[in-house]
Every structure is written in C-alpha cells, then in structure tokens.
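Participant: Pasting the sequence and the predicted model now:
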Amino acid sequence: MKRLQRIWQKKSRIALGMMAGTSTDGVDVALTRISGRGLASSMHLLSFATYPFSAQMRNRILQLLSARTEEICEMNFIVGEILADCALKLLAHAGYKPEQIDFIGSHGQTIYHLSGAAGRRNSTLQIGEGAIIAARTGVITVCDFRPADIAAGGTGAPLVPYADFVLFRKKGKVRALLNLGGIANVTIVPGRLEEVIAFDTGPGNMVLDGLVALKFQGRKRCDVDGQIAARGKVDKNLLRDLMRHPYLKRQPPKSTGRETFGEGLVKSLWEQGKGMPFADLITTATYFTAAAVHRSFLKFIFPSFKVDEIFVSGGGRHNRTLMAFLVNLFRPIPVRPLDELGMSGDAKEAVAFALLADATIQGMTANVPQATGAKRPAILGKIIL
C-alpha cells in the first residue's frame, strides 16, 4: 500500500498504457506523463510503438474463439509474457528504467465479448495475465477493466469515452472521435461528461483484413492504403444485403466484436463475391464500413447533436479509400485524422488505458454509464502490486 500512497501524492505520474485490439495485429504501447486528476487530468505522450504479433501467434489468438479451455488457459499466460516483453522493450527504447514507471494499464487481448445477445448474460474475456506483467516488469499493473462495468449492469464497453472526454473536449464544439480498429467505434464529446454518448458502429478493418487474408492466403494481411478498394466499384446488391445486418439496427448502448463481424461474415462475403472481381468485393466491403458509420450517425447521433468535426484514429485512417468514402458521406462536416490534434492516431487507445489505470489508482470512477448501459459509475480494473 505504501507504493500506492506514493503515487497518490504525486502531481504527475509516468505510466504505460497497453492495448491489443480486435484486429489482433499486435500490441500498442504508450509511455505517458499524466498530470492533474480525474476530469482535470492532462496527458503528454512520451513515446509510442507497436509490436506486431508473429503470424503463428496471431493465428493462435484468432483460433481461441473456438478453442478448448486448456488452450485459453495457457494463452492467458503466454500473452501476459508477450505484453510484459513489449512493455520492457518500449521502456528500453525510450531510455526509461522500470523503477521510473508508476504503473502500467493493460487492456489485454479480447477473445470474446458477449453484449446484448437475447437470453445471454453480458460477459467479456480478455487474456494477458496482469500478474505476469507485474512480476516481469516489477511495475504496479492495472488490468481487466471491463468486468466492473458489467457488474454495474453495463456491457463492459466502450471504455475509451472517458479518455476521449478528458483529452479532446473543446468548449463550444461537439466533436466526434471515430476509431477505426478491427471494430469501428465512436464517441460524441460535447461540453459535459453526462452528455457523452459512445458505441461500436460495426466493422472497422476486420472484414477487409479477413477478405485480403483469404485472397492472398496469408501473404497479405490488409489492403494497404486502400489500394485494392481504389480499383473497384461498389456492388449495390451486395451492399444492400450488408446494410441489413441486424447489429446496425440495435439501439445504443451497444458493443460488438469478432464474434459478430469476424470469420463467419468474412466467409459468407467470400462466397457471395465469387462471381465478381476481387477489387469490387473489397470496394463494397470498404464502403459498407463507411456506410455503417454514417448510418449510425443518422440514426443515433444527429437527432440529438450537431457535430462540428470528426477526428479519426486507428489503423483504418491509413486506408485512403475508406477515408475518402467517409469524407464524401459526411460532407460538409470535416473528417480529419486525429493526428491534427497533436495526438498519434495509432496511440490513442493505448493512451486511454494509461489514463483509465490512473483513475483506478486514484480510486475514481471512469466508465460512462450512458455509453455502456451501466446503472451507476464504477471504478474499473484490478490492481496487481
């Protein structure tokens, strides 16, 4: 407890945030300096890196969706070792020693997230054992953030809206923070935390990456810069079918993941697309991602908010075709990379979990109940000394 007391007394803290997303590309690690407390916090990004999973490890993680219990059990500890190694690598790169770090906030790797399913209890499972991270680094580790929100009646996601509000709110503006990871999610940031809404809009890069992996048998993992999509055209019939997906009709609060927009949907699209040029299939899937975002705004956001500007983070912002579709759909609302606000669009979610861990250490609530559906605010995460 003395270690925690020393942190409480500090005006600023040095923290690592780590995020392994639904795209299963690798581990994002952000080294940050956090000053102030709660909603008055500010953050400075000191260093950031992404450490890719090996092809073998990525395949093992993807297979966990239908794995036996013993495989899930073992992978929890294996991924914990990987996360600890990534933390130590970034510290060495940035010229910091573990004893200089106050704490680590690790989201872990989601392998299943059950939310809003008829007759099923909201539940979630992230692997990447926090005890391993704490033991290997010697740094206090906060992990397993989502269950506390579910225990309070929520869906356990999204959790990044707290950080979006703390870091990106601007007086007199309503900002939309759109993240295009494996899944696309949005946070609407008005002037008050109580007014924030956030939810997953549908697929981000997940469907596109899955189709490219099938086509090139693993030799390529994504449509780099949207080059394939730029050569094709949208198949209107297929797009019409995709836009009927039941998730798009669900009212927020809602969240989703690979269990909804993963292998099953990719294989279905692959079969439907056998009679068309592959570029057309990718273009249609890319437009579907953008159109699902836009429909979410039309149905669930625009009736309540006049959005002034949209800032995009995540790997999807590198896809020029996807970004062009978004710009055209949302015109005249400007759609720009988050980097224009001085924050790396790749680092945002790792940064968020450093900030969430800081709230946990301070004993402060950090879920946004109107975004997750929780009945009350909750202190998130488990602290491992």
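Facilitator: It's in. In this text the structure is predicted, and so the values were computed from the model without any measurement. Residues are numbered from 1 along each chain as shown.
Participant: where exactly do the helices run in the stretch 151-300 of the chain?
Facilitator: In the stretch 151-300 of the chain, helices defined by DSSP state H, counting those that start in this stretch lie at 161-168, 206-215, 227-231, 236-242, 258-261, 263-272, 278-296, listed in chain order.
Participant: Just send those helices back as TSV, with mean neighbour count too.
Facilitator: Every residue, glycine included, has its C-beta placed from N, CA and C. Formatted as TSV, these follow (neighbours: other Cβ atoms under 10 Å):
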stretch	mean neighbour count
helix 161-168	24
helix 206-215	22
helix 227-231	19
helix 236-242	15
helix 258-261	22
helix 263-272	16
helix 278-296	23
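Participant: Confidence-wise, which of those helices is weakest overall?
Facilitator: With a mean of 88, helix 258-261 has the lowest mean pLDDT of the helices of the stretch 151-300 of the chain.
Participant: Quick one: closest of the helices of the stretch 151-300 of the chain to G315.
Facilitator: When the helices of the stretch 151-300 of the chain are compared by Cβ to Cβ, helix 206-215 sits nearest G315, at 9.1 Å.
Participant: which residues touch the closest one?
Facilitator: With contacts defined as Cβ atoms under 8 Å, 6 or more residues apart in numbering, helix 206-215 is touched by 22-23, 182-183, 220-223, 228-229, 258, 261-263, 265-267, 269-270, 273, 278, 281-282, 285-286, 288-289, 319.
Participant: Over to stretch 259-266?
Facilitator: 62, 65, 112-114, 183, 202-203, 206-207, 210-211, 214, 247.
Participant: Pull up the distance across it, start to finish.
Facilitator: Terminal residues of stretch 259-266 lie 11 Å apart, using Cα to Cα, to the nearest Å.
Participant: Which secondary structure element is home to L46?
Facilitator: According to DSSP states H and E, L46 maps onto strand 42-52.
Participant: That strand to helix 161-168, inter-axis angle?
Facilitator: 120 degrees (axes from the mean of the first three to the mean of the last three Cα atoms, to 10 degrees).
Participant: Give me the below-cutoff pLDDT ranges for the stretch 251-385 of the chain.
Facilitator: Counting by pLDDT under 70, the stretch 251-385 of the chain shows no low-confidence range.
Participant: Can you verify my assumption that E309 contacts P334?
Facilitator: Yes. The criterion here is Cβ atoms under 8 Å, and E309 meets it with P334 at 5.2 Å.
Participant: In terms of neighbours, single out the busier of those two.
Facilitator: Of the pair E309 and P334, E309 is the one with more neighbours under other Cβ atoms under 10 Å, namely 17 against 13.
Participant: And the more buried one, how close does it get to L385?
Facilitator: Noted for E309: a distance of 42 Å to L385, by Cβ to Cβ, to the nearest Å.
Participant: Also P252?
Facilitator: 37 Å.
Participant: So for these two, which sits in the more crowded spot?
Facilitator: For the pair P252 and L385, the greater number of neighbours falls to P252 (22 against 11), based on other Cβ under 10 Å.
Participant: who are the neighbours in contact with that one?
Facilitator: 197-199, 300, 371.
Participant: same thing but 10 Å
Facilitator: 116, 155, 158, 186, 197-201, 296, 299-301, 370-373 (Cβ atoms under 10 Å, 6 or more residues apart in numbering).
Participant: Buried residues in the longest helix along the chain, which are they?
Facilitator: Counting by DSSP state H, the longest helix found in the chain is helix 69-94. Neighbour counts over helix 69-94 (16 or more other Cβ atoms under 10 Å) mark 75-76, 78-80, 82-84, 86-88, 90-91 as buried.
Participant: Which pair in those has the greatest spatial separation?
Facilitator: Going by Cβ to Cβ, the pair spanning those furthest: M75 and L91, at 24.4 Å.
Participant: For the protein, just list every one of the strands.
Facilitator: Along the chain, counting by DSSP state E, strands occupy 12-20, 26-35, 42-52, 103-114, 123-127, 141-143, 175-180, 183-189, 197-203, 309-313, 335-337, 382-384.
Participant: what's the most buried one of these?
Facilitator: strand 141-143 (a mean of 28; mean count of other Cβ atoms under 10 Å).
Participant: Give me the residues contacting that one.
Facilitator: 15-18, 80, 83-84, 87, 103-108, 126, 128-135, 353-354, 356-361, 380-385.
Participant: Same question for stretch 232-246.
Facilitator: Under the contact criterion Cβ under 10 Å, 6+ apart, stretch 232-246 has outside partners 202-203, 207, 248-249, 260-261, 265, 268-269, 272-273, 275-289, 291-292, 295, 321, 325.
Participant: The nearest residue to R58 once chain neighbours are set aside - how many residues pack around it?
Facilitator: Distances taken as Cβ to Cβ, 6 or more residues apart in numbering place T24 nearest to R58, at 5.2 Å, with adjacent residues excluded. Counted by other Cβ under 10 Å, the residues lying close to T24 total 24.
Participant: Tell me who's in contact with T24.
Facilitator: Contact partners of T24, counting by Cβ under 10 Å, 6+ apart, are 52-53, 57-62, 64, 109-111, 182, 206, 209, 221, 258, 262.
Participant: mind redoing it with 8 Å?
Facilitator: 53, 58, 61-62, 109, 182.
Participant: Buried residues, stretch 295-307. List them.
Facilitator: 295-297, 300-301, 305, 307.
Participant: With stretch 320-332 instead?
Facilitator: By 16+ other Cβ under 10 Å, the buried positions in stretch 320-332 come out as 321-327, 329-330.
Participant: out of the residues you listed, who's nearest R175?
Facilitator: F330 (13.2 Å).
Participant: got a list of what the closest one touches?
Facilitator: 294, 297, 310.
Participant: farthest residue from the center of the chain?
Facilitator: Relative to the centre of the chain, the most outlying C-alpha is that of G275, 33.8 Å out, by Cα atoms, centre = their mean.
Participant: how close does that one get to R13?
Facilitator: Separation of G275 from R13 (Cβ to Cβ): 57 Å.
Participant: what does I72 give?
Facilitator: In this view, I72 and R13 are 33 Å apart by Cβ to Cβ.
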